[in-house]
Structure formats: structure tokens, C-alpha cells
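Novice: Sequence and predicted structure, then a few things I'm wondering about:
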Amino acid sequence: MQIYSAIRSMIVNGAYPTGTRLPSKRELARDSGVSIITAEHAFQLLAEEGLCELRARSGCYVKYTPEHSFPLSDHWQGNIYEHDSAVYHNDDIPFSAVASKLRKVILDQGERILMKSPNNGCAELREAICRYLARNRNINVTTEQIVIGSGAEYLYGLCIQMLGRDRIVALENPSYRKILEVYTANGASCELLSMDSEGIRTDELKRSKAGILHVTPFNSFPSHITASAERRQKYLNWAKEREAVIIEDDYDSEFSLTGTAPQTLYSQTDDENVIYLNTFSKTIAPSLRVGYMILPNAYIPLYQQTVGFYSCTVPMLEQYFLSEWLDSGEFERNISKIRNRV
């Protein structure tokens, strides 16, 4: 991640212009004091985000350029979709390991599994999520910034109630149908912004009157578009210029085939205008309706004033189980198993 971040910064700042061939993976490994495999993984992540292009037997070339528009086919335009089948199959769920962890939680926690959860989730799970994010996502936050809830849809509702039911929310078109339904059910108006192969089109962003942008930068459903590095930066610039808020829905990002999940919008900016959401429903089991939200520090008082009174909707048994699952390394091991199979 350090190598990736350093090269990414040099590309964005113009040190490596468009079309430039980057140092070879052997040169990069030697100069950075790492293995060739580590250097290769950094290049793969840069390529996956659209910053570079890997050419067989030639090297890695900078692809970061001014925006080009590649409209989607008419099949996608004007449509809101339900999610397709889950990535997981039944044999992906390590039942014996789950059962073992549940038994451990019951023995260790005893009657505490019957207690009422703190409103924003138990401290053990929020601490475990902080450690996981620091290890794997280059996100460093405090437990006070994390809110636990029963899945992404519940957290969408908290977001719009916190930010204001009368707001205009911009969504990717196409996008997951329930995002639109949750926001409109809470009184918000939604704009659908057309996409091209690199994400939401820039002209669509400019015409939008929204003050909130809900995006899924990695593998957006159902288009399966991953926003390019340049387009992600345009999202951040758009939010800064308008004093708008981005809700980053990081669904599915753990299944990046490079072995490292893409850099989040949250970790790319120092401006406190990105709210990060993720869920364990796809990465552990569909029945586990648990998600989490990371609030910028500036939004913690607003959260407490508007929706902080809501009780946590996740039972303590599931929260203690998840904290054990994350801290034991089982979560990362199972993700790696599925990624390697794909």
C-alpha cells in the first residue's frame, strides 16, 4: 500500500505523464527493498483503478489522462436493478469455524450476550473493525466514528435522516434499486446520473443539483463498473466545490482479484465530507445482517443530535462473534480462499 500510494501520488501530480513507462517491477522491488511479488501487486492495484495499463512483456504504462466518454449501451440507461445472486455459495461459508467461534463467544461472554447493545454498537466490534480497516484498507479511525447497524439498507436510512430528509441525492444509473427506495421512502428526492466505463460521467455531475452523492466506486451493481482513479478524484472535487457529502457504498470491494481492495474515497481525502458504508452480508453469510458506517469527525455531533437515539439493531451475540471473527484472522483467510478460487 505504501508503494501504491507513493506511485499514485506521483502520477496524479504529473511526475509520470500519460504514456510514461514506469520502472520495472524488478527495479521497483530493488529500490523499495521489497520482493518482486510485492512490487507486482502494487502495479496490479494501480492498473485495476485505471491509473496504469499492464502490457505483456513490455511493462506498466501510465493511463491517467483527461476524461474520455464511453457511453453505456441503451440496455443500462434509465434502469434501477435488484442485486443479482450472492458471490458466496453454500460451501463458501466455513460452518465449522463459525460454530467454533460462536461456542467460544458464549463461553467467554456468558450472560453479556443477553444485554442491550450500546446505540452505536458494542465497543469490542467497533475496535475490531478499526483494527481490520487499518490492516487492510488504509483507513485509520476511532471507535467513536463507527456505527453498527443491521445491514446497508438500515444505514442508508440513518444517513438520510441525519443529513436531512428534504435533500436531493444523486445516484449512479443504473444502481441497486433499494438505494432509491430507501431514500425516497424517507422523503428525499433522487437524481439518476448516467455512467460510462469509468464511472459517473462528468457532465452528469455538473448538471446535478444534488447535495449528496451516493456512489459504489468498486464493481457497481449491476453495471460492474469500477470508477477510474481520475473519476474518483472528480467525485471528491465535486463534493468539495459544492460543500456536498459523498456516501461511499463499498459493497463487494473485498473481492478485488488483485489481492488488495481498491483505495477508498474515504482514505483519499482529508476533507471531512465522505461517509463510508460496508456490510458483512456478502463477505461472511447472507443471513448475517450486519453493516457499519464510518462518520467523519465533523459529523459525529450531527449524528448524535439527529439519529443517535436509535437503539442498535444487531444482537450482542452477533457483534461479539464478528469481533472474534475479525481479530482471529478468519475473515481475511476466507476472503483469500474465495478470491483465489475466482
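Specialist: Arrived safely.
Novice: Cross-check the contact I'm expecting between residue 230 and residue 65.
Specialist: Yes. Residue 230 is in contact with residue 65 according to C-beta atoms under 8 Å; the separation is 7.4 Å. Where C-beta positions appear, they are placed from N, C-alpha and C, glycine not excepted.
Novice: more crowded one of these two?
Specialist: Per other C-beta atoms under 10 Å, whichever of residue 230 and residue 65 has more neighbours is residue 230, with 21 against 12.
Novice: Mind pulling up the pLDDT for the closest residue to residue 23 other than its chain neighbours?
Specialist: Take residue 23 and drop its neighbours on the chain: the residue closest to it by C-beta to C-beta, 6 or more residues apart in numbering is residue 31, 7.2 Å away. As predicted, residue 31 sits at a pLDDT of 84.
Novice: Can you tell me how far residue 31 is from residue 308?
Specialist: 49 Å (C-beta to C-beta, to the nearest Å).
Novice: Pick out whichever of these two has more residues nearby.
Specialist: For residue 31 versus residue 308, the count of surrounding residues by other C-beta under 10 Å is larger for residue 308: 15 against 11.
Novice: Pretty sure the more buried one sits against residue 118.
Specialist: No. Residue 308 lies out of contact with residue 118 (C-beta under 8 Å); the separation is 10.7 Å.
Novice: Tell me the buried residues in the helix or strand where residue 206 lies?
Specialist: Applying DSSP states H and E as the criterion places residue 206 in helix 202-207. Neighbour-count burial for helix 202-207, with 16 or more other C-beta atoms under 10 Å as criterion, is recorded at 202, 204-205.
Novice: Whichever helix or strand comes after it: how far from the chain's middle?
Specialist: Counting by DSSP H and E, the element after helix 202-207 in chain order, helix or strand, is strand 212-215. Averaging C-alpha positions (C-alpha atoms, centre = their mean, to the nearest Å) puts strand 212-215 13 Å from its chain's average.
Novice: Show me which positions of the longest strand seen in the chain end up buried.
Specialist: The longest strand of the chain (DSSP state E) is strand 189-196. Within strand 189-196, the residues scored as buried using 16+ other C-beta under 10 Å are 190-196.
Novice: just to revisit the earlier point, which residues are contacting the helix holding residue 206?
Specialist: 67, 69, 170, 193-195, 213, 231, 234-235, 238 (C-beta atoms under 8 Å, 6 or more residues apart in numbering).
Novice: Let's see that with 10 Å instead.
Specialist: Residues outside helix 202-207 that contact it (C-beta atoms under 10 Å, 6 or more residues apart in numbering): 66-67, 69, 170, 172-173, 191-196, 199, 201, 213, 230-231, 234-235, 237-239, 242.
Novice: any idea how far the most centrally placed residue in the chain is from residue 287?
Specialist: In the chain, the residue lying closest to the centroid (C-alpha atoms, centre = their mean) is residue 250, at 2.1 Å. With the distance defined as C-beta to C-beta, residue 250 ends up 21 Å from residue 287.
Novice: mind listing the strands for the chain?
Specialist: Applying DSSP E to the chain gives strands spanning 52-55, 59-62, 80-81, 146-149, 168-173, 175-176, 189-196, 199-200, 212-215, 245-249, 274-279, 291-294.
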